[in-house]
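[1] For reference, the sequence and a predicted model appear below.
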Amino acid sequence: MLTRTHFLRFVEKVRHLPTQSAAFVFPCDRDSLQLALASAFTGTLAPVLVGPELRIREVAGKEGIDLGRLPIVDTADAPRAAAIRAVELARAGTVGVLVKGSLGNEDLLSPVSAPDSGLRGPHRLSHAHFLDLAGWPNGILLADAHLNITPNLAAKRDILQNTIAFAHALGVAVPRVALLAATDAVNPAFPSTADAAALKSMAEQGMFADAMLDGPLAADSALSEDAADANGRRSEVAGRADVLIAPGMESGLLVLRTLTSLTSGLAAGLVLGASVPIVAPVRADSMEIRMASCVLAALMAGANASSGRAASTPALAETAA
């Protein structure tokens with residue numbers, strides 16, 4: 001049961017959307033099956049279990065889980081086989097969301113990014129978290145603390161475009177985007193500051209529609225108007241960011257864990273850049289985080305459906321095994 005302020009608002013939005021079918025890929029563990037049942041019970045998603053039926057039913061029986069009338073698409077007892085079948089279902093329009101079960105990121109994302117998958121979009125795959133932080137009037141999107149380890153400038157451009165589209169799907173018409181770096185000015189000692197300046201220049205040339213960008217910005221300048229004023233950074237973004245773009249996964253994780261631990265906040269997210277949103281929980285994620293990610297996926301899939309967005313061609317993101 002979600003009780004976080006911003007996610008409750010998202011849940012209300014999902015209730016007014018057509019329910020999206022979702023392939024739960026290789027759901028051969030308790031958490032994956034419970035997530036599918038919870039999604040069905042709340043009407044967040046309409047689950048289709050994709051994997052070896054015999055093994056799925058054995059796990060359900062062992063864990064005392066009643067699968068009820070959840071449909072199962074039987075596959076060979078191999079994670080990659082289940083992922084390939086789920087991609088086929090998404091390509092055919094049978095499902096609008098993919099949810100990772102008990103398989104690794106590579107087993108799921110490699111078939112998604114294959115040249116013939118039909119799911120490849122114009123940008124590489126990336127990940128963004130939505131942070132619901134206690135005491136904060138607005139939620140914050142943070143990318144990429146899950147998928148791209150050391151993105152170059154081209155990868156950061158794709159991460160930025162994917163995350164802006166995500167912000168639009170969540171109802172932020174013109175997101176304020178902070179390009180994070182160690183300092184508020186370009187410094188040769190920190191290559192990320194030059195990347196941030198280059199991305200800001202791209203924005204000034206109109207590359208990123210319906211968004212306001214500023215950078216490089218240190219984290220305090222991005223998040224606090226007082227700090228931004230003290231640092232001499234005044235803009236529409238400084239101190240009021242809706243989106244944080246981290247220079248790399250390590251720094252993204254530091255920001256993510258610092259903000260959520262200090263505020264007892266909740267961070268849930270999606271893999272972006274394909275024609276369908278992908279929920280890719282990690283083993284330590286609570287059921288609350290998994291459910292919140294499914295809510296985000298329902299909103300993103302609803303936005304995709306209403307816009308008729310089609311897919312075309314990313315490189316597979318560099319992944320952390």
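    Done, it's in. On a predicted model such as this, the values are computed, not experimentally measured, just so you know.

[2] C-alpha only now, for contacts and for neighbours.
    Fine.

[3] for the nearest residue to G215 once chain neighbours are set aside, what are its contacts?
    If you skip the residues right next to it in sequence, G215 has L179 as its closest partner in space, 4.7 Å away by CA to CA, 6 or more residues apart in numbering. Contacts for L179 (CA atoms under 8 Å, 6 or more residues apart in numbering) come out as 196, 213-217, 244-247.

[4] Could you save those as CSV and add columns showing pLDDT and secondary structure?
    Below are the contacts of L179 laid out as CSV (pLDDT from 0 to 100; DSSP: H, G, I helix; E, B strand; the rest coil):
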residue, pLDDT, secondary structure
A196, 94, helix
L213, 95, strand
D214, 94, strand
G215, 87, strand
P216, 95, strand
L217, 95, strand
L244, 97, strand
I245, 97, strand
A246, 97, coil
P247, 96, coil
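
[5] For D210, which three-state class applies?
    When the structure is reduced to helix, strand and coil (DSSP: H, G, I helix; E, B strand; the rest coil), D210 reads as coil.

[6] Now it, what are its backbone angles?
    With angles defined as degrees, to the nearest 10, D210 shows backbone torsions of phi 50, psi 50.

[7] My understanding was that it contacts V177; is that so?
    No: using CA atoms under 8 Å, D210 makes no contact with V177, being 10.7 Å away.

[8] Secondary structure of the residue nearest to G215: a strand, I assume?
    Yes: under the criterion used here (three-state DSSP), L179 sits inside a strand.

[9] Against S192, how distant is it?
    Spatial separation of L179 from S192 under the definition CA to CA, to the nearest Å is 9 Å.

[10] Any chance you could list residues touching both of these two?
    Contact with both L179 and S192 is made by residues 216, 247, according to CA under 8 Å, 6+ apart.

[11] can you redo the contacts of L179 as a markdown table with distance to I72?
    As requested, the contacts of L179 are arranged in a markdown table below (distance: CA to CA, whole Å):
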| residue | distance to I72 |
| --- | --- |
| A196 | 46 |
| L213 | 45 |
| D214 | 47 |
| G215 | 48 |
| P216 | 48 |
| L217 | 48 |
| L244 | 39 |
| I245 | 38 |
| A246 | 39 |
| P247 | 41 |
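
[12] residue ranges for the helices of this protein, please.
    Counting by DSSP state H, one finds helices in the chain at the ranges 5-15, 30-42, 53-63, 79-91, 105-113, 153-169, 191-204, 219-223, 225-230, 249-263, 287-307.

[13] contacting residues for the residue nearest to G135 when sequence neighbours are not counted?
    Among residues not flanking G135 along the chain, T263 sits closest, at 7.7 Å (CA to CA, 6+ apart). With contacts taken as CA under 8 Å, 6+ apart, T263 has the following neighbours: 133-135.

[14] So which of those residues sit within strands?
    Using DSSP state E, no member of the contacts of T263 falls within strands.

[15] Just the buried ones among those, please.
    The neighbour-count test (16 or more other CA atoms under 10 Å) applied to the contacts of T263 identifies 133-134 as buried.

[16] Let me know the closest of the contacts of T263 to A154.
    When the contacts of T263 are compared for distance to A154, the smallest value, 30.4 Å, is given by L133; criterion: CA to CA.

[17] Backbone dihedrals for the closest one, please?
    Here is the backbone geometry of L133 (degrees, to the nearest 10): phi -110, psi 130.

[18] what about the helix or strand of the chain with the lowest mean pLDDT, distance to the chain center?
    Among the helical and strand segments of the chain, the one scoring lowest on mean pLDDT, DSSP states H and E is helix 225-230, with a mean of 89. Its chain's average C-alpha position is 29 Å from that of helix 225-230, according to CA atoms, centre = their mean, to the nearest Å.

[19] now do stretch 106-117
    Taking mean C-alpha positions (CA atoms, centre = their mean), stretch 106-117 and its chain are 17 Å apart.

[20] Equivalent analysis for stretch 38-45, please.
    For stretch 38-45, the distance from its own C-alpha centre to the chain's C-alpha centre is 19 Å (CA atoms, centre = their mean).

[21] Please apply the same query to stretch 95-111.
    Stretch 95-111 has its C-alpha centroid displaced from the chain centroid by 13 Å (CA atoms, centre = their mean).

[22] Between its first and last residues, how far does it reach?
    Where stretch 95-111 begins and where it ends lie 16 Å apart, using CA to CA.

[23] List the contacts of that stretch.
    Judged by CA under 8 Å, 6+ apart, the contacts made with stretch 95-111 from elsewhere in the structure are 20-29, 32, 79-80, 83-84, 86-87, 89-90, 117, 276-281, 297-298, 301, 316, 319, 321.
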